[in-house]
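> Pasted the sequence and its predicted model underneath.
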Amino acid sequence: MFNSVMIKMLLKGSVQTLYVSIISSVVAYLIGLPLGILLVTTEKDGLTPVTWLNKFLGVIINLLRSVPFLILVLVVQPFTRLIIGTPLGPKASIVPLVIASAPYIARLVESSIKEIDRGAIEAAQSMGASPFQIIYKVMLPEAKPSLIVGSAIAVTTIVGYSAMTGIVGGGGLGDIAIRYGLYKYQYDVMLITVVLLVIIVQIIQEVGTRMAKNMDKRTR
Amino acid sequence: MSELDPIIKIEDLSKSFTGTTGEVIEVLKDINLEIYRGDIFGIIGMSGAGKSTLVRCINFLEKPDAGKVLFDGKDLSSLSDKELYRVRQSMGMIFQQFNLLMQRTALDNVCFPLEIAGIRKKEAREKARGLLELVGIPDKLQAYPSQLSGGQRQRVAIARALATDPKILLCDEATSALDPSTTRGVLELLSDINQRLGVTIVVITHEMAVVEGICKKVAIIDQHHIAETGYVDEVFSRPKSQAAKRLFYPDDAKINSFVGSRCCRIVFDGSSSFEPVIADMVLKFRTTVNIIFADTQNIGGKAFGQIVIQLPQDNMTAEKMMDYLKSKDLSVEEVKEFV
Ligand SMILES: Nc1ncnc2c1ncn2[C@@H]1O[C@H](COP(=O)(O)OP(=O)(O)OP(=O)(O)O)[C@@H](O)[C@H]1O
Ligand SMILES: [Mg+2]
């Protein structure tokens, strides 16, 4: 049964999963990274305190994060159709993936930036750095190793979620697992998709961890 | 703006914080201070006295609740954010914990304030290299802070603070995380920078030895106020305020227990070099004295600190001994008044 057609399909599924995950990650970071920075800077003791905005963002993020992903996929279907044209398929799955992961990424970014020593920021302030300069010359570079670790966590989580979008024909390995495993009782195919997902997650995690370790100058 | 006007003038400055439970924490009250160009000015006080808050008010990292800070004649509260950033570029600051950027090399750390000021990269690197040479670590350009010792890190921080040619250097407990010999090295460097570059230096510390070591003038901060201010040798040999006395005799029980017999306090203010004064005196008068309290150190070959001795019962000899010590250009006083 593992003929070339099946192998081709699994390969295509893997590529599709990667493609959907990467596009979703990029878009989610475009939203989540600035949001995370904003969470830090608008805090009470932050660079540019705006307490109401901070509270507002916090509530929105917590709200989005507490909606179960499968429910989110269904709820945002009308919105997905509006921007992608269809609520089904790999492209369409990017929309709920971004909506679910951007708030998660914002929290990851927030905690990475908060890890850095306040003293370094104070020193930059004493040299007359503007808040903007402090963000891109102190906060981001100093938090870089931690941000990379965070992004490995975020991307692997997105890979996992992308498999769930198989339920709405989201394409990729999750789609294959549901079609063959759930509907056709071909558990061996399902098992292979799971193994492939595990391998993808492992590789991303490993690469992220190593990159972070190699670039971090705090140790050694 | 005359060269003789103070570079920093603080007028009726007050600052308080709101605590976690909403209570008001008064930290500074009606502070008045003038710091003149080229001086090394010490601000000393117990932990929690508000020293860090005061120094952070000088570069407006902390905005005072009331009062003014004039830098080079400019009222800092009248400046826009942008103008304030520019003014801060002419004030360097160093910290107890060094506060270097951990992901940048020593060289790039020193380049940092130049990048902020918009200096071109090549020029910045050139300057940074010269500064790291000036602070005595020309061989550590490419080292990351984690690869440097505490003393070396503070030198990088000093080079960084000097990068934009500041008129003033603010040092908040700059040597408190260092061991005594490293402390001496860093203090000597600061004093050298003051002389060579003419940079005014403000030294915040809780250690008397630091003030004695390099400061010309000192302000004692106590109970939210400036208790006393003046030339170091004057304040040190004739302290007027209770706060100053408390600082100089951290343990006054030691001295109180000798009430009754005549004691005298000898102050070494750095004007004499380390000579065995007491030993010479004992030999000359062939009478022993009791050393009750001693806290002296040798900084750059000069004697700093104080010794309290118990004089012989015989009044004649005691007087003669006092005269002898005075003839050695030491500040000598009986400590009865202290009791
Ligand atoms: N941001 C703040 N919020 C609330 N209280 C503060 C804040 N900053 C300082 N304080 C309080 O102000 C007082 C003075 O603090 P400051 O750091 O100026 O003291 P210090 O003289 O520098 O002490 P140390 O020698 O321990 O560094 C302390 O009681 C401290 O708790
Ligand atoms: Mg302090």
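Looks like it arrived, so ask away. Ligands and ions are numbered 1, 2, ... in the order given.
> Report the contact partners of the most centrally placed residue in chain A.
Nearest residue to the geometric centre of chain A (C-alpha atoms, centre = their mean): residue A:154, 3.8 Å. Neighbouring residues of residue A:154 by C-beta atoms under 8 Å, 6 or more residues apart in numbering or on different chains: A:25, A:28, A:29, A:32, A:101, A:104, A:105, A:108. (Glycine included, C-beta is placed from N, CA and C.)
> Cross those against helices and list the overlap.
A:25, A:28, A:29, A:32, A:101, A:104, A:105, A:108 (DSSP state H).
> Pick out whichever of these sits closest to residue B:153.
Of all these, residue A:108 has the smallest distance to residue B:153: 30.1 Å, by C-beta to C-beta.
> Hmm, residue A:153 and that closest one touching each other?
Yes: contact criterion C-beta atoms under 8 Å: residue A:108 and residue A:153 qualify, at 6.6 Å.
> If we check chain B, which of the contacts of residue A:154 are in contact?
Near chain B, judged by C-beta under 8 Å from any C-beta of the partner chain, there are no entries from the contacts of residue A:154.
> Now do the residue of chain A found nearest ligand 1: how many residues are near it, please.
Closest residue of chain A to ligand 1, C-beta to the nearest ligand atom: residue A:45 (7.6 Å). Residues lying near residue A:45 (other C-beta atoms under 10 Å in any protein chain shown) number 6.
> Can you verify residue B:127 is assigned to a helix?
Yes: assessed by DSSP: H, G, I helix; E, B strand; the rest coil, residue B:127 belongs to a helix.
> do you know how far it is from residue B:136?
17 Å (C-beta to C-beta, to the nearest Å).
> same question, residue B:225
On the measure of C-beta to C-beta, residue B:225 and residue B:136 end up 39 Å apart.
> so where's the stretch 101-250 of chain B shaky on pLDDT?
By pLDDT under 70, the weakly predicted segments of the stretch 101-250 of chain B are B:249-250.
> quick one: the strands in it?
Using DSSP state E, counting those that start in this stretch, the strands of the stretch 101-250 of chain B run over B:168-172, B:200-205, B:217-222, B:225-231.
> Give me the sheet partners of the third one and which way each runs.
In this case it means strand B:217-222. strand B:40-44 (parallel), strand B:225-231 (antiparallel) (DSSP bridges).
> Okay, angle between the shortest one and strand B:200-205 too, please.
Spelled out, that is strand B:40-44. Strand B:40-44 and strand B:200-205 are oriented at 20 degrees to each other (axes from the mean of the first three to the mean of the last three C-alpha atoms, to 10 degrees).
> wait, is residue A:60 part of a helix?
Yes: with three-state DSSP as the criterion, residue A:60 is part of a helix.
> Who are the contact partners of it?
residue A:103 are the contacts of residue A:60 under C-beta under 8 Å, 6+ apart.
> Contact residues of chain A facing chain B?
Counting by C-beta under 8 Å from any C-beta, the residues of chain A near chain B are A:117, A:119-120, A:122-130, A:133, A:137-138, A:141-142, A:144-145, A:215-220.
> same thing but 10 Å
A:116-131, A:133-134, A:137-138, A:141-145, A:215-220 (C-beta under 10 Å from any C-beta of the partner chain).
> hang on, isn't residue A:143 packed against residue A:109?
Yes: look at residue A:143 against residue A:109 with C-beta atoms under 10 Å: they come within range, at 8.1 Å.
> what about the helices in the stretch 1-150 of chain B?
Using DSSP state H, counting those that start in this stretch, the helices of the stretch 1-150 of chain B run over B:51-58, B:81-88, B:106-116, B:121-134, B:150-162.
> Determine which of the ones you listed approaches residue A:196 most closely.
Closest among the helices of the stretch 1-150 of chain B, using C-beta to C-beta: helix B:106-116, at 42.8 Å.
> hang on, the earlier thing: let me have the contacts of residue A:154 in JSON lines, adding neighbour count and pLDDT as columns.
Listed next are the contacts of residue A:154 as JSON lines, based on neighbours: other C-beta atoms under 10 Å in any protein chain shown; pLDDT from 0 to 100:
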{"residue": "A:25", "neighbour count": "25", "pLDDT": "97"}
{"residue": "A:28", "neighbour count": "24", "pLDDT": "98"}
{"residue": "A:29", "neighbour count": "23", "pLDDT": "98"}
{"residue": "A:32", "neighbour count": "26", "pLDDT": "98"}
{"residue": "A:101", "neighbour count": "28", "pLDDT": "97"}
{"residue": "A:104", "neighbour count": "20", "pLDDT": "97"}
{"residue": "A:105", "neighbour count": "27", "pLDDT": "98"}
{"residue": "A:108", "neighbour count": "23", "pLDDT": "98"}
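> Show the low-confidence segments of chain A, by residue range.
For chain A (pLDDT under 70), the answer is A:1-2, A:220.
> quick check, stretch B:69-83 touching chain A?
Yes: on the criterion C-beta under 10 Å from any C-beta, stretch B:69-83 is in touch with chain A at B:81, B:82.
> Give me the mean pLDDT for that stretch.
Mean pLDDT, computed over stretch B:69-83, is 95.
> and it, how far out from the chain's middle?
The chain centroid and the centroid of stretch B:69-83 are separated by 25 Å, computed with C-alpha atoms, centre = their mean, to the nearest Å.
> Buried residues in it, which are they?
Neighbour counts over stretch B:69-83 (16 or more other C-beta atoms under 10 Å in any protein chain shown) mark B:69, B:70, B:71, B:72, B:76, B:79 as buried.
> try stretch B:119-135
Using 16+ other C-beta under 10 Å, the residues of stretch B:119-135 that count as buried are B:119, B:124, B:125, B:127, B:128, B:129, B:131, B:132, B:134, B:135.
> so which pair among those residues is furthest apart in space?
It's B:119 and B:135 that sit farthest apart of the buried residues of stretch B:119-135, by C-beta to C-beta, at 19.0 Å.
> and the nearest residue to residue B:178 once chain neighbours are set aside, what does it touch?
The shortest distance from residue B:178 to any non-neighbouring residue, by C-beta to C-beta, 6 or more residues apart in numbering or on different chains, is to residue B:150 (5.3 Å). Residues in contact with residue B:150 (C-beta atoms under 10 Å, 6 or more residues apart in numbering or on different chains) are B:97, B:98, B:175, B:177, B:178, B:179, B:182, B:183, B:186.
> So the second one versus chain A, what's the distance?
Separation of residue B:98 from chain A (C-beta to the nearest C-beta, to the nearest Å) stands at 8 Å.
> correct me, but that residue touches residue B:177?
Yes: Residue B:98 is in contact with residue B:177 according to C-beta under 10 Å; the separation is 7.7 Å.
> So for these two, which sits in the more crowded spot?
Per other C-beta under 10 Å, whichever of residue B:98 and residue B:177 has more neighbours is residue B:98, with 25 against 16.
> can I assume the residue nearest to the centre of chain A sits in a strand?
No: under three-state DSSP, residue A:154 sits outside any strand and is assigned helix.
> Determine the number of other residues adjacent to the closest residue to ligand 1 within the stretch 101-250 of chain B.
Here the stretch 101-250 of chain B gets closest to ligand 1 at one residue, residue B:206, 5.0 Å apart by C-beta to the nearest ligand atom. Residue B:206 has 17 neighbours, counted by other C-beta under 10 Å.
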